[in-house]
Every structure is written in structure tokens, then in C-alpha cells.
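Novice: Here's my sequence, what's the structure:
(chains A and B)
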There are 2 protein chains.
Amino acid sequence: MQLKVPEHQVAGHIAKDGKPGPLVDDKGRFFKPLQGDSRGEIEVKFYESFSSNTEVPEHIHRYFPVYHGTQAVEGSDGAAMMVLENLLAEYTKPSVMDVKMGSRTWYPDASEEYIQKCLKKDTGTTTVSSGFRISGFEVYDHKESSFWKPERKLLRGLDVDGARLTLRKFVSSNSLSDTGSKPDSAFASSVYGGSHGILTQLLELKTWFENQTLYHFNSCSILMVYENESILKGNDDDARPQVKLVDFAHVLDGNGVIDHNFLGGLCSFINFIREILQSPDESADS
Amino acid sequence: MQLKVPEHQVAGHIAKDGKPGPLVDDKGRFFKPLQGDSRGEIEVKFYESFSSNTEVPEHIHRYFPVYHGTQAVEGSDGAAMMVLENLLAEYTKPSVMDVKMGSRTWYPDASEEYIQKCLKKDTGTTTVSSGFRISGFEVYDHKESSFWKPERKLLRGLDVDGARLTLRKFVSSNSLSDTGSKPDSAFASSVYGGSHGILTQLLELKTWFENQTLYHFNSCSILMVYENESILKGNDDDARPQVKLVDFAHVLDGNGVIDHNFLGGLCSFINFIREILQSPDESADS
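Specialist: Residues are numbered from 1 along each chain as shown, chains lettered A, B, ... in the order given. I've put the predicted structure just below:
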């Protein structure tokens, strides 16, 4: 089995301090190391519960990565890894964005120290103000014919208007590193809009979240991806925009209550996307 | 002008330490003292902005108390009071519940001290877990032919199942002080259900909150009221259930972002009400 470091990972843990990072194979699988502090255990437990949960409708299952169990991986000190669907396997030139959902990333039973640590990040980013924060993205820059990936520090510093602008940049054809130019939102209608676009998918998820009381997706992200290759070939309608939920290391039992934290953030995020669709030509701060 | 202390106030400030409490007249008006710490000022500013705001549709305006300006009131040291619609004026034997909405009662720009104070209350009640907390209620007890109003301490101690049970008690005909008896939810369909019931009204509010970016209703309450007099006369369908938003001392400008905190809590609250309507005979903890 040939494993390599994924090309377009935008958020989450990477190989560091001797600990293995995620890997991919050429058969469309993504190998994710189990995180310590019981987080890895919680994520495995979630995938096992979720993948066999018949109470979750089929059209919702497709918003989650397919789970293939855990596996000891050679070359990673034989550490156990989760084997997941590689969400980017079918994309040649993907633009990817990771959006951490919810107006809080902590949860009621967490330790005081953990709550305060999260709270500081949540108030310092758009999490509290907007119900979500952009925690990573990589965009194919059509002007420069290369990928552009901002530093994590830059993303952490985004305010509400910065988040608006970034969501426009994600679907724009002009140069992205050039901070002076206004993003043209050229691909908004083919990525965010349309009957198979991001907005349609988000609305389908929203309907489920309005009723589901099975899980609380604390500190979970929405991953958005689309294909630039087809756009380069002049075929905007084949951008194959996809929404997937990722990162389940803090998922808890819903105990009969809906996940109002995720849902509130999702509704806010939907409104940001809808605004861009309604006025793609407008600048973000007007 | 004859002013008296309101009979059925279930939450909020009362006369204490020489400070005036709210008063009512016999013309359907409610006099609310301005709170100190700029809170009174914010609430007056909100009512003035809201009552003349033509961006708010007419069918939404009716979920808010009518505002008649401020007035110096004799006998209250001439202190200025807000003159509002008395929401209970048209009810003879009202059952009333005050539900503070949102999974947090603080807001981004508040002082660190205020945030920590709110956070403690929010995690200690159902605010964080359920997205709302029951902060007051008074129910007409049909068995005892009298009003029953639990102590504030009892309400503060409610967990999720306790909140579920209380929402059933609110629409039950059996004795409420008797903790052994299971609430029968006898009036659920005529109060929560129906084309003019609480659920329909909450859903109408939800639709507005999914789009409105004008105001953030921090620490705001939903007041629910219905008439027991008509039920006593065997006319359940004339219970006149009403939903109103109250307490605007912490309302802030929405700055183009929806109020995902209120909306998330509202969606959760809607689910609690819907569950009771779907299985009125079930006990709350089954």
C-alpha cells in the first residue's frame, strides 16, 4: 500500500513532533491518526455509531465521509488510524474551505479550563459573533494558475466583514493574494447556487438539524469543495460543489435535544452564502 | 390615573429597596421602570427604533408589546417609566410562562466580569444545554381553582427533563403542586396546537429570525399566555394562546448577521413543544 501526505489539507492536525499526520492512498482513502486525550476514541465511536445508524436518512449519510474502520498503518509506528473516504480524491484542482460551526466550540460537561480556553478563541474569532469561523482554506487562483492558502494567523484574525470577503474570494476568478482587488464572485452561481450547489446542500442539512436529537456536533466543521479543472475548461456547471461534515472528536449524545448550537451557526452561514448569491457584484463591505 | 401592581407578573424586576416596580392601569397599559446601568436607555432606544421600523413586517410587529413612549409617573418619585401594552389585560385567569431564549445570555462586547456571571447561570440552567431556560411561570390550577407559582429557586434548578415536565404542566388540568401526579397535557392541543396556537406562532417567528439581521435579541424572553376562563366554561378552543417577545435591555444592532443565538434556542424550544403535541399522553421522562 502506497501512502502519501495529502496535497490539499486545509485544517486539522498535521505531522508534528514525531506524531504521524494524516495520509492518503491512491484508492480514495484517507488515513486519520487517532487523537489522544480520548478524542480519537470519541471520533471512532461516533463513526461506528453513525455509519450503522438507520435512524439517519440515506440522503443525510452522504454528507459524511464513508468510514472503513480502523487499521494499523506501517511506517507510522504501527499506530492505529481511522480509514475514511478521501473527500478530495475525485478532484483535480480543488478549492477547499473548512468552516467550524457553532457559536461555541465547548460543551456543558467540559472542564473549566477547557471551557475558558475555547471561550477565548470563540470570542476572538467570528464564532460568537457569526456562529461559525473559517478555520482553513485553499483556493485555486485562476490568475496565477496556482493554489493560494493563507496562513492560519490571517484566518484567526478575520472579523465578520473579513469572513464575508473570504467567502467571496472562495468563488472568485481574480487574483487572491492581491488584497487591493475586489473579488468578482465569478463562480458564485455555479458553486453556491443551482439545484446541486452548496446552498441547496446546506438547506437539506438544516432541515435534518431542525429535527435530529441523536448527536450534538460540538466543534465540528463543514468542508466545502469544488473542482476548478472544469471551470478552466469553460464548463462552470461541472464544478461539482460538495458539502461534507468532518471532525467528530467532540460529538456527544443529543439526549433528545436538537443541536441548536450547530443549527444556529448553520442558519447564519446559510445567510452569508445567500447574500453573496443575491448580490454577487457587490463588494463585501457595502 | 389609577395605577396598581400587576397581578400575574412571572419574571423580571419587582419593587424592591425603595425602587419602583412595574404598574398597570385599567386601560390596558403596563408601566415599566427604566432599569439603571444604561439598560433602561437601551430598552427605550429599542422600542423607539422597533415601533417605527418599516422593515419589520406587520405580522411580526404583533409579537411585540405596543409601545406608548415614556412617562413620568406620580407616586413613583416621578421616575420615568416606559408605557407598554399590558399583555395580560384581556385575560381573566391567565396561565403565563416566561422563557429566556438563547444558549447564551451574554454578548461579545460585554465586560469579562459580566460574561463570567452570565456563563455561570447559563451552564447551571438549561440555557447552554437546551438553548432556553424557563425563568418564570404562573399556572391556573384547575384542581385547586387557584393560581400556582413556583419559587424562582425551583425554576433555576430545572434540568432538561424538568423543563420538559414544566412545559407539560403549563397545559395540564391536574394538580400542579402535587409532584407525584403525572401532568395530563389536557390543553396541549388547544394551547400549543391548532392554526392559531403557540407552535404556529413560534414557527412564524422562526421564519422571520432566519432572515432578519436588524437586531440581536440578547437575553430576551418569549412570554406565553392563555386564558383558563374559557376552558373552565368548556370552551377549550377559546384559550387565545399568545406568544410575545419581552425584555429588550440587551438588544444590540445585528450588523448584517442573523441572531443565530436566539434562532437556535427558538428551534430547540419549538422541538420541545412539538414533542408534547406528538405524544401528549406520554410522561416527560419516558
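
Novice: quick one: contacts for whatever residue of the stretch 1-150 of chain A ends up closest to chain B?
Specialist: At 3.8 Å from chain B, A:Gly131 is the closest residue in the stretch 1-150 of chain A, using CB to the nearest CB. To be clear about C-beta, it is placed using only N, CA and C from the backbone, and glycine gets the same treatment. Residues counted as contacts of A:Gly131 (CB atoms under 8 Å, 6 or more residues apart in numbering or on different chains) are A:101-103, A:264-269, B:257, B:260-261, B:264.

Novice: Looking at those residues, spot the one nearest B:Arg152.
Specialist: Checking those against B:Arg152 by CB to CB gives B:Asn261 as the nearest, at 23.5 Å.

Novice: My guess is the closest one contacts B:Ser219. True?
Specialist: No. Using CB atoms under 8 Å, B:Asn261 is not in contact with B:Ser219, being 9.8 Å away.

Novice: Spatially, and excluding backbone neighbours, which residue is closest to A:Phe64.
Specialist: Excluding its sequence neighbours, the residue lying closest to A:Phe64 (CB to CB, 6 or more residues apart in numbering or on different chains) is A:Leu245, at 5.5 Å.

Novice: Was I right to think the one you found contacts A:His61?
Specialist: No. Between A:Leu245 and A:His61 there is no contact, the gap being 10.7 Å when judged by CB under 8 Å.

Novice: neighbour count winner among these two?
Specialist: For A:Leu245 versus A:His61, neighbours defined as other CB atoms under 10 Å in any protein chain shown are more numerous around A:Leu245 (19 against 13).

Novice: Sticking with the more buried one, tell me its helix or strand.
Specialist: Secondary structure from DSSP states H and E places A:Leu245 in strand A:242-246.

Novice: Could you write out the alpha-carbon coordinates of that strand in PDB?
Specialist: The C-alpha trace of strand A:242-246 is given here as PDB (Å, rounded to 0.1, in the frame of the first residue of the first chain):
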ATOM      1  CA  GLN A 242     -19.800  19.300  -2.200                       C
ATOM      2  CA  VAL A 243     -20.600  19.900   1.400                       C
ATOM      3  CA  LYS A 244     -19.300  17.400   4.000                       C
ATOM      4  CA  LEU A 245     -19.200  17.300   7.800                       C
ATOM      5  CA  VAL A 246     -15.800  16.500   9.300                       C
END
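
Novice: If you count contacts, what does it end up packed against?
Specialist: Contact analysis of strand A:242-246 by 3 or more CB pairs under 8 Å, 6 or more residues apart in numbering or on different chains; DSSP states H and E lists helix A:198-209, strand A:221-227 as its packing neighbours.

Novice: Could you name the stretch from the ones you listed that's closest to chain B?
Specialist: Chain B lies closest to helix A:198-209 among the helices and strands packed on strand A:242-246, at 8.2 Å (CB to the nearest CB).

Novice: helices and strands around that closest one, which ones?
Specialist: helix A:58-61, strand A:242-246, helix A:260-278.

Novice: hang on, the earlier thing: so which of the contacts of A:Gly131 comes closest to B:His8?
Specialist: Distance ranking of the contacts of A:Gly131 against B:His8, using CB to CB, places B:Asn261 first at 28.3 Å.

Novice: nearest residue to A:Asp281 other than its sequence neighbours?
Specialist: For A:Asp281, ignoring the flanking residues on the chain, the nearest one in space by CB to CB, 6+ apart is A:Ser185 at 7.2 Å.

Novice: quick one: secondary structure of the one you found?
Specialist: Using DSSP: H, G, I helix; E, B strand; the rest coil, the three-state assignment for A:Ser185 comes out as coil.

Novice: Also A:Pro280?
Specialist: With three-state DSSP as the basis, A:Pro280 sits in coil.

Novice: right, and it touches A:Ser185 too?
Specialist: Yes. Shown here, A:Pro280 and A:Ser185 form a contact pair, counting by CB under 8 Å, at 4.0 Å.

Novice: Which one's more surrounded, these two?
Specialist: For A:Pro280 versus A:Ser185, the count of surrounding residues by other CB under 10 Å is larger for A:Ser185: 25 against 19.

Novice: give me every residue that touches that one.
Specialist: A:Arg168, A:Val171, A:Ser172, A:Ile276, A:Pro280, A:Asp281.

Novice: isn't A:Asp25 right up against A:Gln2?
Specialist: Yes. If you go by CB under 8 Å, A:Asp25 and A:Gln2 touch, sitting 6.4 Å apart.

Novice: Quick one: the strands in chain A, in order.
Specialist: Secondary structure of chain A, counting by DSSP state E: strands at A:23-24, A:29-33, A:67-72, A:80-85, A:94-101, A:132-141, A:146-148, A:215-217, A:221-227, A:242-246, A:251-253.

Novice: For these, give me a markdown table that also has distance to B:Thr92 and mean pLDDT.
Specialist: What follows is the strands of chain A, written out as a markdown table (distance: least, CB to CB, whole Å; pLDDT from 0 to 100):
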| stretch | distance to B:Thr92 | mean pLDDT |
| --- | --- | --- |
| strand A:23-24 | 70 | 92 |
| strand A:29-33 | 63 | 93 |
| strand A:67-72 | 59 | 94 |
| strand A:80-85 | 62 | 94 |
| strand A:94-101 | 47 | 97 |
| strand A:132-141 | 47 | 94 |
| strand A:146-148 | 68 | 90 |
| strand A:215-217 | 43 | 98 |
| strand A:221-227 | 51 | 97 |
| strand A:242-246 | 51 | 98 |
| strand A:251-253 | 44 | 95 |
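
Novice: Many thanks, have a good one.
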